[in-house]
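K.L.:
quick one, what's the 3D model for this:
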Amino acid sequence: MFDMYQGFAFYKDWDFEVLNYTPAEYGGLHHAAVRIAGENVYRHLKHEGGTHRVQRIPEVGLSSRMQRIHTGTMTVIILPQAVEVHFHIDPKDLRIDTFRSRGAGGQSVNTTDSAARIVHLPTGITAECQQTRSQLQNKETALRMLRARLYQSMMGKETEQRNTARKQQVGTRSQSERIRTYNFSQDRVTDHRTGYTTRDIKEFMRGGEALDDLISDVLEHTEKEALLEVAVSSNRSLKRPDSGQSAD
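P.N.:
Predicted structure coming up:
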């Protein structure tokens, strides 16, 4: 999936900057963070955040009798980049730690304390970077990540209040919070928010036109829902009588 989003950035002619890439000890990817910049990036990717489910049959390591469908999940988090002029962080609220960069299997990448971790003391929010051998560059990258997380946390409180009010009125359509399933045994990708289904997973995972079509469908769906919500709210306002008076 990391390669899929990298391919999508290339397809859309966006910049794709790796901030953190931590391999898992047993192979594959444990965690990664990237910065994507370009035209309408957040508009296209903001709905990719959530739990993605993968269903597949492992190719090795199991006998034929044990080759059942294996289900796993991964979490995608999309954070908008905070604008410097609109969002200020007091340096006194930051604690900066340095440590040696580490790779897969616990082996040291280098012998200097070039990796950086920054903690925002009032909130406890943390960001770290160990991608380069330059401590200064890692600090700058970690600070950008921290700013994005603080900004998202601040905006999230307002969003949570709106979502809570909406759920109380119309409920939620989530299916155990997962937004999409990649079913390799049936060669199918399904987005649970819209019901959009497409075939040829290998092509889809390249991050090109197939992923763009699905994202466009989700955007159209969410924008229609937003317009419907505005219309319903406006209708309620029109029907609400003035204090002490009856509605016509």
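K.L.:
then residue 219 would be within a helix, right?
P.N.:
Yes - assessed with DSSP: H, G, I helix; E, B strand; the rest coil, residue 219 lies in a helix.
K.L.:
what's near enough to touch it?
P.N.:
Going by CB atoms under 8 Å, 6 or more residues apart in numbering, residue 219 touches 43-44, 47. Every residue, glycine included, has its C-beta placed from N, CA and C.
K.L.:
quick check, nearest of these to residue 217?
P.N.:
Lowest distance from residue 217 to the contacts of residue 219 (CB to CB) belongs to residue 47, with 10.3 Å.
K.L.:
quick one: low-confidence parts of the protein?
P.N.:
59-67, 82-87, 102-112, 156-176, 234-248 (pLDDT under 70).
K.L.:
ok, now with 50
P.N.:
Along the chain, segments meeting pLDDT under 50 span 84-85, 104-108, 162, 165-175, 243, 245-248.
K.L.:
show me what contacts the residue positioned nearest the centre of the chain?
P.N.:
Central residue of the chain (CA atoms, centre = their mean): residue 77, 2.1 Å from the mean position. Going by CB under 8 Å, 6+ apart, residue 77 touches residue 49.
K.L.:
may I have the secondary structure class of the residue lying closest to residue 35 once chain neighbours are set aside?
P.N.:
Closest residue to residue 35 apart from its sequence neighbours, by CB to CB, 6 or more residues apart in numbering: residue 17 at 4.4 Å. Using three-state DSSP, the structure places residue 17 in strand.
K.L.:
among the contacts of residue 219, which are in helices?
P.N.:
Members of those lying in helices (criterion: DSSP state H): 43-44.
K.L.:
could you pick out the buried ones from the contacts of residue 219?
P.N.:
Buried members of the contacts of residue 219, counted by 16 or more other CB atoms under 10 Å: 44, 47.
K.L.:
switch the contacts of residue 219 over to CSV; also include distance to residue 144.
P.N.:
Shown next, in CSV, are the contacts of residue 219 (distance: CB to CB, whole Å):
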residue, distance to residue 144
43, 20
44, 21
47, 23
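K.L.:
which one of the contacts of residue 219 is nearest residue 134?
P.N.:
Residue 134 lies nearest to residue 44 out of the contacts of residue 219, by CB to CB, at 31.5 Å.
K.L.:
who are the packing partners of the host helix or strand of residue 8?
P.N.:
Residue 8 belongs to helix 2-11 when elements are defined using DSSP states H and E. Under the contact criterion of 3 or more CB pairs under 8 Å, 6 or more residues apart in numbering; DSSP states H and E, helix 2-11 touches strand 15-23, strand 29-37, helix 209-239.
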